[in-house]
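Trainee: here you go, sequence then predicted model.
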Amino acid sequence: MLTHEYIQTNLPASAVGFIPYRISKSNKLTIYETVCLAKGFEGTERTLRILNSFGWLLNLNEASPATGEVFQLDIIDDQGDALQTWQISKSGFNFLRGKFGFKKVG
């Protein structure tokens with residue numbers, strides 16, 4: 001499990017939400033609707049901390065690339081630009097999908 005300090009230190013201050021996506025074992029990419037959080041950085045940090053508290057936040061993508069089916073969140077700024085990518089578990093992805101109701105894009 002990651003520490004709160006690790007999340008807080010590594011999450012960019014300009015973070016306002018995320019774009020969830022999944023890469024299947026056959027390398028098919030599925031992108032989901034962007035989630036912008038009303039509380040910006042605080043909401044994004046809180047979301048990551050909730051995922052972490054259940055063991056669903058795996059790591060920054062750059063620190064530990066996953067194999068097999070991959071679930072990730074591109075953390076975005078208010079322009080929609082990706083700032084960084086966090087890996088999450090399938091359970092974490094399903095939790096977020098239930099909470100925010102995002103759907104596949106395209």
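Mentor: All right, it came through fine. Numbering: from 1, shown residues only.
Trainee: the most centrally placed residue in the chain: what's it in contact with?
Mentor: Of all residues in the chain, the one closest to the mean position by Cα atoms, centre = their mean is Leu73, 2.6 Å from it. Contact analysis of Leu73 by Cβ atoms under 8 Å, 6 or more residues apart in numbering lists Phe18, Ile19, Pro20, Tyr21, Thr85, Trp86, Ile88, Leu96. To be clear about C-beta, it is placed using only N, CA and C from the backbone, and glycine gets the same treatment.
Trainee: what about those residues, which are in strands?
Mentor: Among the contacts of Leu73, the members found in strands (DSSP state E) are Phe18, Ile19, Pro20, Tyr21, Thr85, Trp86, Ile88.
Trainee: alpha carbons of the longest helix along the chain, as CSV, please.
Mentor: Using DSSP state H, we find that the single longest helix of the chain is helix 40-53. The C-alpha trace of helix 40-53 is given here as CSV (Å, rounded to 0.1, in the frame of the first residue of the first chain):
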residue,chain,number,x,y,z
GLY,A,40,-10.1,19.6,-8.4
PHE,A,41,-6.8,18.6,-6.8
GLU,A,42,-8.5,17.8,-3.5
GLY,A,43,-11.1,15.6,-5.2
THR,A,44,-8.5,13.8,-7.3
GLU,A,45,-6.2,13.2,-4.3
ARG,A,46,-9.2,11.9,-2.2
THR,A,47,-10.1,9.5,-5.0
LEU,A,48,-6.6,8.1,-5.1
ARG,A,49,-6.5,7.8,-1.3
ILE,A,50,-9.8,5.9,-1.3
LEU,A,51,-8.5,3.5,-3.9
ASN,A,52,-5.3,3.1,-1.9
SER,A,53,-7.1,2.4,1.3
